[in-house]
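A.B. asks: after the sequence you'll find the predicted model.
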Amino acid sequence: MAYPLNQIQDTRSTTVIRKLKAHFARYGIPDTVCSDNGPQFISMEFKEFSMNWDFDHITSSPGYPQSNGKVESAVKTAKRLLQKAVSSGNDPYLALLDHRNTPTQGLECSPAQRLMGRRTKSLLPMRGSLLMKDHGMNDRHQILCTKQRALQAAQYNRGAKDLRPLNVGEQVWVQPPINQGKEWRKACLRAPAGIRSYEVVTESGQVLRRNRRHLRGTGRYRPQIRTQSSNQETNQPSIANTPEEDQEEPHCEISDTERLGDDTNVLREQPQGYRNTQTRSGRSILKPAYLNDYVD
């Protein structure tokens, strides 16, 4: 935990940006900044800050803290460390210093060594050679860090599987956000919004960003409108779109006919006297083809 801690009076964008500027001036501008979807991070001020300081800003999926688990774990560790220091009457800054000098399990080096290449002086007695910079620390740390990540990935993937990617315009079932009920709602996928994250449009027109774990694909989607190039290949006349039409988003209205999809044609081929049943979600249960010759 080599990251700095700041005491702030509020969480406004201007306050957060001012603290980040001080850290970037001290340690350098990062390539990517990952955060949650707090108001201070999704504001126009923070967007302009990321553009002016030339770094990419990535937000996690709303309602899915696991996608930002590294930060969540760091915040939990920092809060627990400060609470123990205050309850025991010790200086919290000395507790942070000792924690940053403690080697991380599996990496054989402390956060201070990974940041500055050496240990930092504390109230604990230590040899002077330990305060000297170790030039081979970075190479050993990269090897150990790669092994540690591979081990964590192997343990996590034992009980996980990759979900099917979703396509733009596909009709899906979406789990509502927290405090908005438990009933899954119908929606249409509008566009990808990051790694395993999508933007969907509900039947009421509400735009939500949800993680792939919160979506269930149906495999049914509206056919895409042919572009002008495809019309030229088939030698069919095409109607030129106006600029306003080109900027329109994909139409994601869900109708009863589309909800049934190809099942409508299958129902018409069923023999007379067959009773069609439906589930609570509206899905039709069809009679298997090998039972067509069976007479009740």
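C.D. replies: Sure thing, it's come through.
A.B. asks: end-to-end on stretch 47-62?
C.D. replies: Separation of the first and last residues of stretch 47-62 by Cα to Cα, to the nearest Å is 18 Å.
A.B. asks: could you do stretch 54-65 as well?
C.D. replies: OK, stretch 54-65 end separation, Cα to Cα: 26 Å.
A.B. asks: try stretch 105-121
C.D. replies: End-to-end for stretch 105-121, by Cα to Cα: 21 Å.
A.B. asks: buried set for it?
C.D. replies: Going by neighbour count (16 or more other Cβ atoms under 10 Å), the buried part of stretch 105-121 is Leu107, Cys109, Ser110, Pro111, Ala112, Gln113, Arg114, Gly117, Arg119, Thr120. Quick note: C-beta positions are derived from backbone N, CA and C, even for glycine.
A.B. asks: how far off centre is that stretch?
C.D. replies: Taking the mean of its C-alpha atoms, stretch 105-121 sits 30 Å from the chain's own mean (Cα atoms, centre = their mean, to the nearest Å).
A.B. asks: repeat for stretch 21-33
C.D. replies: Mean-position distance between stretch 21-33 and its chain equals 23 Å (Cα atoms, centre = their mean).
A.B. asks: in it, what's buried?
C.D. replies: Within stretch 21-33, the residues that count as buried by 16+ other Cβ under 10 Å are Val33.
A.B. asks: state the mean pLDDT of it.
C.D. replies: Averaging pLDDT along stretch 21-33 yields 90.
A.B. asks: first-to-last residue distance for it?
C.D. replies: Stretch 21-33 has an end-to-end distance of 13 Å (criterion: Cα to Cα).
A.B. asks: about what we covered before: out of the buried residues of stretch 105-121, which sit inside helices?
C.D. replies: Counting by DSSP state H, the part of these found in helices is Pro111, Ala112, Gln113, Arg114.
A.B. asks: look up how far Asp134 lies from the last one.
C.D. replies: Per Cβ to Cβ, to the nearest Å, Arg114 is found 11 Å from Asp134.
A.B. asks: also the third one?
C.D. replies: Distance of Gln113 to Asp134, computed by Cβ to Cβ: 7 Å.
A.B. asks: what stretches of the stretch 1-150 of the chain score poorly on pLDDT?
C.D. replies: Residues of the stretch 1-150 of the chain that meet the criterion pLDDT under 70 lie in 1-2, 135-136.
A.B. asks: how far away is Glu108 from Ala150?
C.D. replies: The gap separating Glu108 from Ala150 is 16 Å, by Cβ to Cβ.
A.B. asks: my bad, should have said Ser87
C.D. replies: Distance, Ser87 to Ala150, by Cβ to Cβ: 38 Å.
A.B. asks: that's all I had, so thanks and see you.
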